[in-house]
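Undergrad: Okay, here's the prediction I keep looking at, along with the sequence it came from:
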Amino acid sequence: MRTTFQDELNLLETTLQEEGALVLRALRGALNALEQRDHELADEVIAFDDDVDDRYIRIEEGIQSLLARQTPVASDLRLVLAILHINLHLERMADYCVTVAKLSKLVPDVEPSPRFVEGFEEMGSRCEEMIRIALDSFSDRDLERAESLVELDELIDRANRRVVERILELGSSEAMREYGLRMVIVSRALERIGDHAVDIGEQVAYLLTAEFREFTDASHKTAHEL
Amino acid sequence: MMNDNVTIPVDVAPVEIAQERGAPETAQREVVFDVRDLGVHYGSTTAISGVNLEIYRNLITAMIGPSGCGKSTFIRCLNRMNDLVPSARVTGNLMYRGQDIYGEGVDPVAVRRQIGMVFQRPNPFPKSIYDNVAWGPRVLGLKKRLDERVEKALRGAALWEEVKDRLKRSALSLSGGQQQRLCIARAIAIEPDVLLLDEPASALDPIATAAIEELMHDLKRDYTIVIVTHNMQQAARVADMTAFFSLEVDESHRSGVLVEYDNTDRLFTNPSDKRTEDYVTGRFG
Amino acid sequence: MAAATPQVSLRATGSLRRRRIVNKIMEGVGTAAALLAVAVLVVVTVSVAVRAAPALSWDFLTQPPNLFGGPGGGISSAIIGSALIVGMATALALPVGVLIAIYLTEFAPRAVAAPIQLALDVLNGLPTIVVGIFVYGILVIGHLQSAYAGAVALSIVMLPLVSRAAQETLLLVPSALREASLALGVSRWRTVVGVILPTTFGGIMTGAVLAVARAAGETAPLLFTCSIFSPDVSTDVTKALPNIPVLIFTYSEQPDPALHEQAWGAALVLMVFVLVASLGAKALLARSRRKLGR
């Protein structure tokens, strides 16, 4: 029954996963461009954002059409709403990747400490891991995996703080100071990508439990922050 | 040392939103019908069996489900219209405000005085519009200030403005939607307690349907409303509580059963029973 | 290159043509039968009218028969007598017939309704002469003939007709109307009186009118109950009153040809009455159909 409807839903989900895969590529590209000071790669990443935007719009339009025509209810409705939100989070992630790519072009040609570079690489791979887990937990409808994103985000937050500390250690030459400023923004971009991945996890939880719930509450201090 | 939260948290809601899944708001409401293990049999066929639910005052309760699952049979128990079918037999308990509707010495006529019904196809009497509404009260002894009563009923059915200048015309000259509203006016003219509506809009066009749905929102202030509908979206739009009936078939027999009864919102966003989920998402029947 | 699609013939050929011919023949036969029925009616009416013509006059309708059976005089006493007898019979048969119909359609359980229905059908088919003898046995033996005995006999003949017509009309009332009234908390009986009867009024009246037309011409019951009468105009129903069917019968047995003509005249009056009544019944039925919204 309702095969056309089901096909439409499946198409939306497939397109969403495609968009997710594109975001992963964009992130990897941006990180590489940053690390290797590859301006060409950075330009590719920036241009690549169009592909993501294209899928974003297709999904938005598809959902609008589905809601108008098919009146989804119950689990169908929750799926459509989850797709709508995840779509937005993915698009924001892609925008942050573009930010990183642009910054990689603006960064002055300095040689930062290896510890510093390590820190960034760690953050970068955490982000990739989180995006993968978020997308997999959605396609597998896996609540536990979705909830595990909170802890990973903790790690990114800590890595972000460490990076900021190390920026302060970088040195006081003008080039270094500029480098530091740009890196703060890159670090924040990566941290925000992690947050969006958690948000995707929350959407998965909503889909499965029908509860609107935030995994953590940013304004309430958790145990290890106190 | 830099504290945490270098970032400015503008796009994260500060409060954790927890959905309360505890007692529904219906716990505060008066129970009008208390149905326990109700069953209806026509000869050797079982139409419905094992129905348990409570219907609350001043709410709209909808019965949905595929054809033949017994929702009309159920609603006809509430005002003993099933008595009109010679082979019908009712088992179980049906309490209306604490009294057993099928108890000893209960007069079905008195039951129907309190529990009115509007049918699927509009069925006005072949009398004038005025007489259609006035006849019931006249016969039942409510003769005082009849004109006022008729006007109040027609206003209550959102029909007064359209017919006030032609009250003496035959009711059959009205359109389908108007006739149905006339039937509603006729039912509320005798000031019942409960209104039963058996697929009241299924014979009407979309605009007339919308008018009837709008009307129900107003009517529930004064009456308790129970509606049977085969249109799920209608139940989703108008009902506060929704009951989903389905057919249970096993080797020896088939009968209608109540599968799930809940807050409409919950039933349509996160039903508890898979059968309900399959039905409302259109995956079956 | 010739077109690949085969031409579908739209003309009737073969079996289609045969069916068309058969159709036309049957139409013709049906029409002829209908015309035959009308023709019979026309022939009867015309021959009665032709033979009645000499007797017709204003006096014929307004004067009673001559005292000593001489020429002149009319049939006014018989017209009045028939009116009274048929009127009383209707007063008896109509309410009872309608009540029976109401009981059968609205209240009776199937087990009770079936035998009553059967009884009515048998009564309908009962030879009217048997009805006459029966009423004779009950009301006339030991007393005298009377108009009311005649009325009783006629009412027995009318009863199944009225009842059947009322039943059919009652069955035509959609059950939705009954349900609507019952759902208001109105009792069964009040539903019948307030909703069902008003809608069936036209149909019941039609049945009543047709029953009256039939009863006006029944001779056999009156022969036993109301045939020995004085020819004067009278309204005393405890005595036998003159009436048209018996008058036709007795006049036709007289040697006087003038009386024969009067018999034809009376027969024509009766036919005209039946015709007017039938047309009236049709008009009533049409009006009641409009009221029901059909």
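TA: Cool, the structure landed.
Undergrad: Just the element for C:Gln7, please.
TA: Following DSSP states H and E, there is no helix or strand that holds C:Gln7.
Undergrad: Please apply the same query to A:Ile167.
TA: A:Ile167 belongs to helix A:143-169, assigned by DSSP H and E.
Undergrad: ok, which stretches of chain B are strands?
TA: Assigned by DSSP state E, the strands in chain B fall at B:31-42, B:45-56, B:60-64, B:88-96, B:99-100, B:115-118, B:194-198, B:224-228, B:241-249, B:254-263.
Undergrad: closest to C:Gln167 out of those?
TA: When those are compared by CB to CB, strand B:88-96 sits nearest C:Gln167, at 25.2 Å. Where C-beta positions appear, they are placed from N, C-alpha and C, glycine not excepted.
Undergrad: Can you give me the buried ones in the closest one?
TA: B:Ala88, B:Val90, B:Gly92, B:Leu94, B:Met95, B:Tyr96 (16 or more other CB atoms under 10 Å in any protein chain shown).
Undergrad: where's C:Leu279 relative to chain B, distance?
TA: 25 Å (CB to the nearest CB, to the nearest Å).
Undergrad: Just give me the neighbour total for A:Thr3.
TA: A:Thr3 has 7 neighbours, counted by other CB atoms under 10 Å in any protein chain shown.
Undergrad: related to what we said a few turns ago, output the strands of chain B in CSV; the columns should cover distance to chain A.
TA: Formatted as CSV, the strands of chain B follow (distance: least, CB to the nearest CB, whole Å):
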stretch, distance to chain A
strand B:31-42, 25
strand B:45-56, 20
strand B:60-64, 12
strand B:88-96, 30
strand B:99-100, 37
strand B:115-118, 26
strand B:194-198, 22
strand B:224-228, 18
strand B:241-249, 11
strand B:254-263, 11
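Undergrad: Tabulate these (a markdown table), appending mean pLDDT.
TA: Shown next, in a markdown table, are the strands of chain B (pLDDT from 0 to 100):
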| stretch | mean pLDDT |
| --- | --- |
| strand B:31-42 | 94 |
| strand B:45-56 | 93 |
| strand B:60-64 | 96 |
| strand B:88-96 | 93 |
| strand B:99-100 | 93 |
| strand B:115-118 | 96 |
| strand B:194-198 | 96 |
| strand B:224-228 | 96 |
| strand B:241-249 | 93 |
| strand B:254-263 | 93 |
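Undergrad: export those to CSV and tack on distance to B:Asp278?
TA: Putting the strands of chain B into CSV (distance: least, CB to CB, whole Å) gives the following:
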stretch, distance to B:Asp278
strand B:31-42, 24
strand B:45-56, 20
strand B:60-64, 13
strand B:88-96, 27
strand B:99-100, 36
strand B:115-118, 30
strand B:194-198, 25
strand B:224-228, 20
strand B:241-249, 9
strand B:254-263, 10
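Undergrad: Could you dump the buried residues of strand B:88-96 into TSV with distance to C:Gly150 added?
TA: Formatted as TSV, these follow (distance: CB to CB, whole Å):
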residue	distance to C:Gly150
B:Ala88	50
B:Val90	54
B:Gly92	61
B:Leu94	59
B:Met95	62
B:Tyr96	59
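Undergrad: Just give me the closest of those residues to C:Thr62.
TA: Using CB to CB, those come closest to C:Thr62 at B:Ala88, 64.5 Å.
Undergrad: now the helices for the chain?
TA: Unless you meant another one, I'm taking chain A. For chain A, applying DSSP state H gives helices covering A:3-36, A:39-70, A:74-106, A:114-140, A:143-169, A:174-209.
Undergrad: hmm, I had chain B in mind actually
TA: Taking DSSP H as the test, the helices found in chain B are B:71-78, B:108-114, B:129-139, B:146-156, B:160-163, B:176-188, B:206-219, B:232-238, B:264-269, B:274-280.
Undergrad: Let me know which of these is the nearest to C:Arg18.
TA: Once these are compared by CB to CB, helix B:176-188 is nearest, at 46.9 Å.
Undergrad: can you pull the contacts of the closest residue to chain A within chain C?
TA: Scanning chain C for proximity to chain A using CB to the nearest CB identifies C:Ala176 as nearest, at 32.2 Å. Counting by CB atoms under 8 Å, 6 or more residues apart in numbering or on different chains, C:Ala176 touches B:Phe119, B:Arg121, B:Asn123.
Undergrad: The first one reaches B:Ile184, doesn't it?
TA: No - taking contacts as CB atoms under 8 Å, B:Phe119 lies outside contact range of B:Ile184: 10.7 Å.
Undergrad: More neighbours: which of the two?
TA: Taking neighbours as other CB under 10 Å, B:Phe119 and B:Ile184 compare with B:Ile184 leading, 26 against 20.
Undergrad: Could you check how far the nearest residue to that one once chain neighbours are set aside is from B:Val228?
TA: Leaving out its chain neighbours, the residue that sits closest to B:Ile184 by CB to CB, 6 or more residues apart in numbering or on different chains is B:Ala157, at 4.4 Å. Look at B:Ala157 and B:Val228: by CB to CB, to the nearest Å, they are 19 Å apart.
Undergrad: can you check B:Val109 too?
TA: Taking CB to CB, one finds B:Val109 at 23 Å from B:Val228.
Undergrad: Thank you, goodbye.
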